[in-house]
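Engineer: I'd like to go over a predicted model; first the sequence, then the structure.
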Amino acid sequence: MLSTGFLSHCEESSSLWISLASLSFCRMVNARFSQGLNLLVFGLLLLKTDGLFVEITYVENAVARGAVCLDGSPPAYHWDRGFGSGINSWLVHLEGGGWCNNVTTCLKRKNTRLGSSKKMATRIPFSGILNNRRQYNPDFYNWNRVKVRYCDGSSYTGDVAAVNPATNLHFRGARVWLAVMEELLAKGMRNAENAVLSGCSAGGLASILHCDSFQALLPMGTKVKCISDAGYFINAKDISRVTHIQSYFSQIVATHGSAKNLLPSCTSTMRPALCFFPQYMVPQIQTPLFIINAAYDSWQIRNILAPADADPHGTWESCKSNIKNCLPTQLKAMQAFRSQFLISLFRSGKSSSRGMFIDSCYVHCQTEMQEFWYMTDSPELNKTRIAKAVGDWFFDRIPFQKIDCPYPCNPTCRNQI
């Protein structure tokens, strides 16, 4: 490590008649020291805002019922108990992490944290909507906050009884969902006065898919609402005019045997795979739902609008990595995608009980990250940050249904992936 004395010497030398090489070296040292200092400050800020680290809990008794991860290991969650006025309020957050659509991709997941609880970190930080500090999470900080780990690859919808001994893959997402919920009910959630089911990405899709069943598990008098963060995936054509995402979702539903666990009111009128898309099932949801999504969701731009199969020469790579690199023709395609997204959202119906925070940031998932959820420079719509909008909606203080103007109009967007 470089001493501050050496850095001071560099600063003094830069004012003397020294060689350009020496001056360049000194400037390099100063730059690296400054970069290191910035990283240290950033790390300390993360420690301050992330709140506490929460230990993992394994649902060991779920194994006997076949409620297991892809590799057959038990499901898991992290729970930070509520306190004070929040002791009988529960927020259950479903982890995201994409899906696996066939045996090959599921085998790849099987030995990762997204397919095995054996590979999961045993302690994780709770930030954003899970933070335990009021200044960073004003309405839910003292609730029972739970993060359910994701290890089935089907947004908690799969249920195939047979297990192929050659692969030892278990497609049991729906059983995992029920096993974890039953354990939480036994640990006090059955006495909940307030309850929220939330999730990000594949977990955000799951929070829609399981919204009504979550409410059905709780007592009649419980105030129950759901939040979907970056889970409103749309059925749209890619840049080659192919509906790649529809084929992908069809494969997920077929591989995991998910059809029987999708909304019957949807599957009775259309092909089950379509009922994996929120635009077709949200009209059937009875429980109040808040949709948080970027109109230029970075995952959807990369995988629905411009997937690798539709861009064999990689002309979209620079644009997908940073929206500021997009060519005018690419931005035009993204604006058209935004229009499709909004049409899909409008067609899901209007409801006074529904909330919406649709910003124009280039990002995927905003509730788990403190910098997006509730900081002084977090994204805003109508001068309102996401945490405030969600809290006002849940407690019926102020309804919130806002859609941002097109990119690049919102200066509060961080435009991160």
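Structural biologist: Received it, and whenever you're ready, just let me know what you need. The model shown is predicted, which means the values in this text are computed figures rather than measured ones.

Engineer: for the helix or strand harbouring Ile252, packing partners?
Structural biologist: Using DSSP states H and E, Ile252 falls within helix 244-256. On a contact count with 3 or more Cβ pairs under 8 Å, 6 or more residues apart in numbering; DSSP states H and E, helix 244-256 meets no helix or strand. Using the backbone N, CA and C atoms, a C-beta is placed for each residue, glycine as well.

Engineer: okay, now the unreliable bits of the stretch 51-200 of the chain?
Structural biologist: Applying pLDDT under 70 to the stretch 51-200 of the chain picks out residues 51.

Engineer: if we can go back for a sec, can you pull out the residues in contact with the helix holding Ile252?
Structural biologist: Outside helix 244-256, the residues that touch it by Cβ atoms under 8 Å, 6 or more residues apart in numbering are 99-103, 106, 152-154, 157-160, 171, 173, 233-236, 238, 258-259, 262, 271-274, 276-277, 303-304, 307, 309-310.

Engineer: among these, name the buried ones.
Structural biologist: Buried by 16 or more other Cβ atoms under 10 Å: 99-101, 106, 152-154, 157-160, 171, 173, 233-236, 238, 258-259, 262, 272-274, 276-277, 303-304, 307, 310, out of those.

Engineer: among the residues you listed, which lie within helices?
Structural biologist: Those of the buried ones among the contacts of helix 244-256 mapping onto helices are Cys106, Gly173, per DSSP state H.

Engineer: so how far is the helix holding Ile252 from its chain's centroid?
Structural biologist: When distances are taken as Cα atoms, centre = their mean, to the nearest Å, helix 244-256 is centred 20 Å away from the chain's centroid.

Engineer: how about that helix: buried residues?
Structural biologist: Under 16+ other Cβ under 10 Å, the buried positions of helix 244-256 are His244, Ile245, Gln246, Tyr248, Phe249, Ser250, Gln251, Ile252, Val253, Thr255, His256.

Engineer: same question for stretch 138-149.
Structural biologist: Of the residues in stretch 138-149, Asp139, Phe140, Tyr141, Asn142, Trp143, Asn144, Arg145, Val146, Lys147, Val148, Arg149 count as buried by neighbour count, 16+ other Cβ under 10 Å.

Engineer: before we move on, the earlier item: tabulate the CA atom coordinates of whichever helix or strand comes after the helix holding Ile252 in CSV.
Structural biologist: On the C-terminal side of helix 244-256, the nearest following helix or strand under DSSP H and E is helix 264-267. Output of helix 264-267 as CSV, limited to C-alpha atoms (Å, rounded to 0.1, in the frame of the first residue of the first chain):
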residue,chain,number,x,y,z
PRO,A,264,-57.5,-21.6,-14.4
SER,A,265,-59.5,-18.5,-15.5
CYS,A,266,-56.7,-17.8,-18.0
THR,A,267,-55.8,-21.4,-19.1
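
Engineer: ranges for the strands of the protein?
Structural biologist: Counting by DSSP state E, the chain has strands at residues 53-58, 76-80, 89-94, 123-125, 144-148, 194-200, 223-229, 289-294, 355-359, 380-381, 384-385, 401-403.

Engineer: thanks a lot, catch you later.
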